[in-house]
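> sequence and computational prediction follow.
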Amino acid sequence: MLLMMAVSLYTSRVILDVLGVDDFGIYNLIGGFITLFSFISASLVGAMQRFFNVALGKKDEAQYQKVYSMSVNIFAIFSLFLIIVGETVGLWFVTTQLNIPEGRETAAFWVYQITLATLIVNLFRTPDNASIIAHERMSFYAYISIGEALLKLAIVFVLQSFGQDKLIVYVLLYLASTLLINVVYRIYCRKHIPLSRFSWMWDKPIFRSLVSFSGWNLLSGGSRVVKSQGDNFLLNHYYSVAVNAAFGVAAQVYNAVNLFLTNFQTAFRPQLVQTYAAGEMDEHYSLLYRSSKYSFYLLLLIVVPVAFNLQGLLGLWLKEVPEYTFQFCLILLMVYLVDSVGAPLAISVTAQGNIKGMQIWSSVLLLAGLAASFIFLYHGAEPWIVAVITFAVHLGFFLSYMYYARKLCQVNLRLFLYKVILPVSRVAIVAVIIPILISRIDLKGWMVLLSCLICLIWVVVAVYLVGLTADERCYVMNRLSTIVKRK
């Protein structure tokens, strides 16, 4: 996770430098527009993982294989739909409605076509990806993720040697790397996960179950993409692609932190679903509380050092820092602190299966947030207002997750407040004391990294002394002593 985050941030720096602010803005604008289509696949992935884990929890191999085969069928149908919509409505929107700098229209057209192809290629990886996670093959998941990150790093170095239109070359190389990773996924699943074998079949009940469950995910996922890309479009409309570039840089930081958190939560998601499916509720609740608390602590290790040294880090990271990047980055980091605590609650509701209310509420919040962004930008607000609104929306998510976890999964909110909210609040207060003092010192150049290291060590101390119970501290010390003895 650390390697992937570092590679992601470094490649963003070089890509911005190689492409330039305008081309980087075009890439983020069009690449973001493509994700308008990808939310359907994301919704299906959530449904697939849930049904895979339920089948494993019940030890029903036949059901697992049926779900896998029907997932491939559904993705094939969706790919055809994606091509039709993408080459009609999507192409019209890109060529007529986006604010593309003069002379870059042709490049924007080819970026759109290649990115659409990359999205379709990615679709057929998702059943294998979901199957690997359901079987908790985390070592392979880690290695292939690192390999993918290194491929992206290689693309950056190769790109610098090209004299042609670097924007088009970049998306072509990205497509090639995606194809390669897909092949590796398929080979591994055929060899190590026999249940992940496609067979020609059509099971109407499973199709209905997958589509029905994913339908509510679809509503929420679609609203998320509309909110995100709607903000991008509004920034492009009321400002310029330079602001899209700033938003894109912040999105790279956001995505790097998200990747870090998502990979951590990927490790406990299968167990949360399987313990619920098996009726092991005491274990389920215990895992829920620990997952929420540890997710916050893990993210705090990143957010505190970065947030209190953000200006200096941006100067070291980017050769040219687009205006408003600092504000976008800082606020979006706060968004993920909220998400880190709430995500396990949402997984628990997903395991229960009745996600209708939670997804409707999420969609209402997202669309209301987009409307608020439009109103503020229309009246001349600064661009970073969209990030503030996003923070408010995600805070609303957290409250809805708490409500539905209590209503549907009988999660004891008093215990949740005592075991999660109270300790993470104490840690957050203590963790910022030293960083606040250090931030008063005017640090230059690489001294910013020393400040980050001091902040990181202090957060670790705060988590250990204030955030862990006596039993947890004892466990940590025993594990450390075991590691030391092995060496």
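Looks like it arrived, so ask away.
> please count neighbours and contacts with C-alpha atoms only from this point.
OK.
> who touches Tyr401 in this structure?
Taking Cα atoms under 8 Å, 6 or more residues apart in numbering as the definition of contact, the neighbours of Tyr401 are Gly342, Leu345, Ala346, Val349, Met358.
> of those, buried ones?
Members of these that pass the buried threshold by neighbour count (16 or more other Cα atoms under 10 Å) are listed as Gly342, Leu345, Ala346, Val349, Met358.
> can I get those residues in JSON lines with distance to Ser139, pLDDT and secondary structure?
Shown next, in JSON lines, are those (distance: Cα to Cα, whole Å; pLDDT from 0 to 100; DSSP: H, G, I helix; E, B strand; the rest coil):
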{"residue": "Gly342", "distance to Ser139": "26", "pLDDT": "87", "secondary structure": "helix"}
{"residue": "Leu345", "distance to Ser139": "26", "pLDDT": "90", "secondary structure": "helix"}
{"residue": "Ala346", "distance to Ser139": "26", "pLDDT": "87", "secondary structure": "helix"}
{"residue": "Val349", "distance to Ser139": "27", "pLDDT": "87", "secondary structure": "helix"}
{"residue": "Met358", "distance to Ser139": "33", "pLDDT": "86", "secondary structure": "helix"}
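> from those residues, pick the one nearest Gly369.
Distances from Gly369 to the buried ones among the contacts of Tyr401, taken as Cα to Cα, are shortest for Met358 (16.6 Å).
> distance of Leu437 relative to Leu450?
Plainly put, Leu437 is 14 Å away from Leu450 if you go by Cα to Cα, to the nearest Å.
> ditto for Glu87
The gap separating Glu87 from Leu450 is 50 Å, by Cα to Cα.
> identify the residues contacting Met358.
For Met358, the contacting residues are Ser400, Tyr401, Tyr404, by Cα under 8 Å, 6+ apart.
> for the last one, what is the enclosing helix or strand?
This points to Tyr404. Using DSSP states H and E, the secondary-structure element containing Tyr404 is helix 385-409.
> how about that helix: buried residues?
Residues 385-398, 400-406, 409 are the ones in helix 385-409 that count as buried (16+ other Cα under 10 Å).
> same check, this time on stretch 58-69
Those would be Gln63, Tyr64, Gln65, Lys66, Val67, Tyr68, Ser69, for stretch 58-69 by 16+ other Cα under 10 Å.
> the helix or strand harbouring the third one packs against which elements?
Using DSSP H and E, the element containing Gln65 is helix 61-85. Under the contact definition 3 or more Cα pairs under 8 Å, 6 or more residues apart in numbering; DSSP states H and E, helix 61-85 sits against helix 2-57, helix 105-123, helix 126-134, helix 204-238.
> between the ones you listed, which gets the lowest average pLDDT?
For the helices and strands packed on helix 61-85, mean pLDDT drops lowest on helix 2-57, to a mean of 69.
> give the rounded mean pLDDT of the one helix or strand Val243 maps to.
Element membership for Val243, per DSSP H and E: helix 241-277. Rounded to a whole number, the mean pLDDT of helix 241-277 is 76.
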